[in-house]
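>>> My questions are about this predicted structure, shown below with the sequence.
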Amino acid sequence: MESQKLAELLFPNITETPEELEKKYPKRDLPEGAMVTRLGPSPTGFIHLGNLYGAFVDERLAHQSSGVFFLRIEDTDDKRFVEGAIDLIIDSLRFFDINFDEGAGKDGDRGSYGDYTQSHRGEIYAAFAKKLVAEGKAYPCFLTEEEIALIREKQEAAKLNPGIYGEHALSRDLTYEQVEANINSGKPYAIRLKSDGNPDPEKAKRIKVMDAVRGELDMPENFQDTIILKTTGIPTYHFAHVVDDHLMRTTHVVRGEEWLPSLPIHVELFEKLGWEPPIYCHTAQLMKIDEETGNKRKLSKRHDPELSLDYYRRKGYHPQAVREYLLTILNSNFEEWRMEHQDADIDEFKFTTEKMSSAGALFDLAKLNDVSKEVMLRIPAEEIYDFLKAWAEEFNPEYLPMFSDKEYALKILDLGRQDAKPRKDLVYAEQTVDFISYFFDDFYKPEDELPEEVSKEDAKTILEKYLASYDHADDQSMWFDKIRNIGEELGYAPKPKDYKKDPDSYKGHVGHVSTAIRIALMGRAQSPDVWTIQQIMGEEMTRSRITKALAEL
C-alpha cells in the first residue's frame with residue numbers, strides 16, 4: 001500500500017508538517033541540568049491530594065534546577081469536563097504555594113510552547129498521526145465496538161492476551177482501495193499504532209527504562225496496536241502526552257505508578273516518532289491505614305474526605321504545614337534534615353527523586369497534625385493572624401469578630417509560644433478558633449465538669465474567695481499563693497505530692513482547686529497558664545466570668 005497516499009487520504013486538511021512544528025517549538029534555552037516538568041490534570045472539578053503530591057515533586061525538581069514548571073490541561077475526555085475547573089486547579093495549587101512558570105492560566109496562556117490545553121491542539125496531533133501513517137507505522141481501524149467485543153470473547157476462550165494485535169488486528173492489512181471504500185461508505189475509523197512487538201512471551205523482546213524513582217525497569221515490549229486517535233479525531237492520553245511532552249520539551253514526567261503498565265506503549269511511540277523520551281518518575285500511590293481492617297489501602301474519593309484539597313482549605317491547614325508534611329513522605333531524609341535545620345526555610349532542603357519511596361506512600365492525618373504543630377510554632381503570630389482572618393472570611397465569617405481587635409488577637413495567638421518549653425497548641429484554623437474561643441464572650445461555652453475531688457459547694461466557696469481576693473496587679477507568684485491558701489483553708493493539699501503521699505488527709509490538692517477556677521474562666525479543665533490568660537483577658541472579663549460561674553453553681 002502506498003503509505004504516503006493513504007496519509008493524504010486520511011488527513012487531507014493537515015498541511016503543517018512535523019518539521020515545521022519542530023521549528024515552532026525549539027529546544028528551550030536553559031542552563032545545563034535544568035529540568036522542565038509539567039502538571040497535566042483533567043478539568044473534572046475535583047483536585048485531589050495526588051495532584052498536589054505530584055505537583056510538589058514537579059515544582060521542586062524544576063525550581064531547584066533553575067528549570068521550568070508548566071501547567072497543561074489534559075481535557076481530551078470532554079465527557080468529564082467541568083466548567084470552572086481550570087480556575088479551581090490554579091487557585092487550589094496556588095494556595096499551597098505551587099506556582100507555575102508558564103502554561104494555561106485563568107486569563108489565558110502564558111509561555112511560548114502553547115496552546116497548553118490539549119483540546120485546542122487537534123491539528124498538531126493529526127500532523128504527527130499523519131506522519132506515522134505515511135511511514136507505515138500507523139493505520140486506520142474500522143472495527144466496531146461489537147466486533148472488538150467479539151474478538152475479546154474469542155481471545156478469552158483461547159486464553160490469549162486481550163487486545164487488537166497480530167491476526168486480531170483485522171484492519172491492519174487493508175489495501176488502499178479497501179480503506180477508501182470504507183471511508184466513502186461512511187464507516188468511522190480510529191488510527192492505531194502499528195506495533196512491532198511480538199505477542200508471544202517467549203519471542204517478545206524486553207525493554208529497559210531508567211525510572212528516576214524506581215531505578216532500571218525491565219519489562220516486555222509493547223505488542224498492542226493501541227489507538228492513538230479516536231474515531232472523533234481526539235487523541236488518547238498515550239499519544240497526546242508523547243507529542244506534547246516532546247514539543248514542550250519536558251525533561252521529567254512525574255506521574256503515578258498506575259501508568260507503569262502503559263510505559264511500553266509510550267516507549268514505542270517515542271521510538272516510532274524518532275524522539276528521545278523524557279525521564280519518567282513513577283511515584284508511589286498514596287495509601288492510608290483502614291480503620292476497620294488495619295490494612296493499607298488506597299485513598300478513596302468516596303470514603304476519604306482528606307483526599308480532596310478542598311478538605312485542607314476548609315479545615316484551614318496552613319499551606320506551609322501541608323508542604324512540610326508532604327516532604328516527610330516524599331523524601332526519606334527530610335525529617336533528619338529538619339531536625340538539623342530547625343529554623344531553615346523548607347526550600348533550602350535539596351529534594352531528590354532518589355530518596356522517594358517506590359512502595360506505597362502512607363498518608364496519616366495524625367502525623368500531618370503533629371507536623372503542623374511544629375510548623376505553626378515557627379510562623380510569627382502576625383502571619384497566623386492574617387491567615388486565620390483570611391480563612392474566616394472565606395469559609396466561616398461567623399468567626400470574624402475574633403479578629404476585629406488585632407492587638408488582642410495577637411496576644412492570644414502568641415500565648416505560651418515564647419516559653420522555654422513552647423506550647424504547640426495551634427494545628428489548623430478550625431481547631432485554632434475553637435481553641436481560643438474562650439477569650440471571647442460571644443464564643444465562650446463551658447465544656448468540662450468539675451474535678452471529682454471538688455464538690456459543688458467547695459467550688460462555690462473557692463470562686464467566692466478567689467473573687468474577693470483577686471487583684472489583677474498580682475504577679476504570678478502572689479496570684480498562685482492566694483489559690484494555695486484558699487485550698488488549704490478548705491482542706492486541699494498545698495502540693496500534689498502531699499496529696500499523693502497521704503490522700504486520706506486531704507480532699508484533693510491545689511491543682512484541683514485551680515482547675516475549678518480554670519473551668520469557671522475558660523470552661524475547660526485543660527488550658528495554657530491561667531494567670532497569663534487573665535492578663536490577656538483583662539480584669540473586667542476575668543471578674544465577669546467568675547461572677548457568672550458563681551451564679552450558675
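Arrived safely.

>>> Would you map the strands across the stretch 351-500 of the chain?
For the stretch 351-500 of the chain, strands defined by DSSP state E, counting those that start in this stretch occupy the ranges 361-362.

>>> which residues of it fall in helices?
Along the stretch 351-500 of the chain, counting by DSSP state H, counting those that start in this stretch, helices occupy 365-378, 381-395, 406-413, 429-435, 456-469, 476-489, 496-501.

>>> what's the average pLDDT for the following helix or strand past the last one?
When you say that, I think you mean helix 496-501. Using DSSP states H and E, the helix or strand that follows helix 496-501 towards the C-terminus is helix 510-522. Here helix 510-522 scores 97 as its mean pLDDT.

>>> and what of stretch 538-551?
Rounded mean pLDDT across stretch 538-551 is 96.

>>> roughly how far out does that stretch sit from the chain middle?
Here the centre of stretch 538-551 is set off from its chain's centre by 45 Å, with CA atoms, centre = their mean, to the nearest Å.

>>> ok, and what's touching that stretch?
Outside stretch 538-551, the residues that touch it by CB atoms under 8 Å, 6 or more residues apart in numbering are 441, 444, 460, 463-464, 466-467, 470, 472, 517, 519-521, 534, 537. C-betas here are computed from N, CA, C, even on glycine.

>>> Name the residues that touch the helix or strand of the chain with the lowest mean pLDDT?
Among the helices and strands of the chain, strand 361-362 carries the lowest confidence by mean pLDDT, DSSP states H and E, at a mean of 84. Residues outside strand 361-362 that contact it (CB under 8 Å, 6+ apart): 53, 283-289, 296, 329-330.

>>> So which of the residues you listed are in strands?
Taking DSSP state E, the ones among those that sit in strands are 283, 286-289, 296.

>>> just the strands in the stretch 101-250 of the chain please.
Under DSSP E, counting those that start in this stretch, the stretch 101-250 of the chain gives strands at 102-103, 138-141, 190-193, 206-211, 215-220, 227-229.

>>> okay, these in a markdown table with mean pLDDT next?
Listed next are those as a markdown table, based on pLDDT from 0 to 100:
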| stretch | mean pLDDT |
| --- | --- |
| strand 102-103 | 96 |
| strand 138-141 | 98 |
| strand 190-193 | 98 |
| strand 206-211 | 95 |
| strand 215-220 | 95 |
| strand 227-229 | 98 |
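
>>> With distance to Glu2 added, can I get those in a markdown table?
Formatted as a markdown table, the strands of the stretch 101-250 of the chain follow (distance: least, CB to CB, whole Å):
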| stretch | distance to Glu2 |
| --- | --- |
| strand 102-103 | 40 |
| strand 138-141 | 13 |
| strand 190-193 | 17 |
| strand 206-211 | 31 |
| strand 215-220 | 33 |
| strand 227-229 | 20 |
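
>>> wait, which of these is closest to Lys482?
strand 102-103 (65.2 Å; CB to CB).

>>> rewinding a little: from the ones in strands among the contacts of strand 361-362, pick the one nearest Asp245.
Nearest to Asp245 out of the ones in strands among the contacts of strand 361-362 is Thr283 (CB to CB; 16.7 Å).

>>> Was I right to think the closest one contacts His252?
No - using CB atoms under 8 Å, Thr283 makes no contact with His252, being 11.7 Å away.

>>> neighbour count winner among the two?
For Thr283 versus His252, neighbours defined as other CB atoms under 10 Å are more numerous around Thr283 (24 against 21).

>>> how much space is there between the more buried one and Ile14?
For Thr283, the distance to Ile14 equals 36 Å [CB to CB, to the nearest Å].

>>> What of Pro494?
Counting by CB to CB - Pro494 and Ile14 are separated by 92 Å.

>>> Leu415 too?
As judged by CB to CB, Leu415 and Ile14 stand 68 Å apart.

>>> do Leu388 as well
Taking CB to CB, one finds Leu388 at 56 Å from Ile14.

>>> average pLDDT across stretch 152-162?
94.

>>> Tell me the buried residues in that stretch?
For stretch 152-162, a neighbour-count test (16 or more other CB atoms under 10 Å) marks Gln155 as buried.

>>> Can you lay out the helices of the stretch 351-500 of the chain as JSON lines showing mean pLDDT, mean neighbour count and distance to His63?
Shown next, in JSON lines, are the helices of the stretch 351-500 of the chain (pLDDT from 0 to 100; neighbours: other CB atoms under 10 Å; distance: least, CB to CB, whole Å):
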{"stretch": "helix 365-378", "mean pLDDT": "96", "mean neighbour count": "17", "distance to His63": "20"}
{"stretch": "helix 381-395", "mean pLDDT": "97", "mean neighbour count": "17", "distance to His63": "22"}
{"stretch": "helix 406-413", "mean pLDDT": "97", "mean neighbour count": "16", "distance to His63": "31"}
{"stretch": "helix 429-435", "mean pLDDT": "97", "mean neighbour count": "18", "distance to His63": "27"}
{"stretch": "helix 456-469", "mean pLDDT": "97", "mean neighbour count": "17", "distance to His63": "57"}
{"stretch": "helix 476-489", "mean pLDDT": "96", "mean neighbour count": "16", "distance to His63": "48"}
{"stretch": "helix 496-501", "mean pLDDT": "95", "mean neighbour count": "14", "distance to His63": "54"}
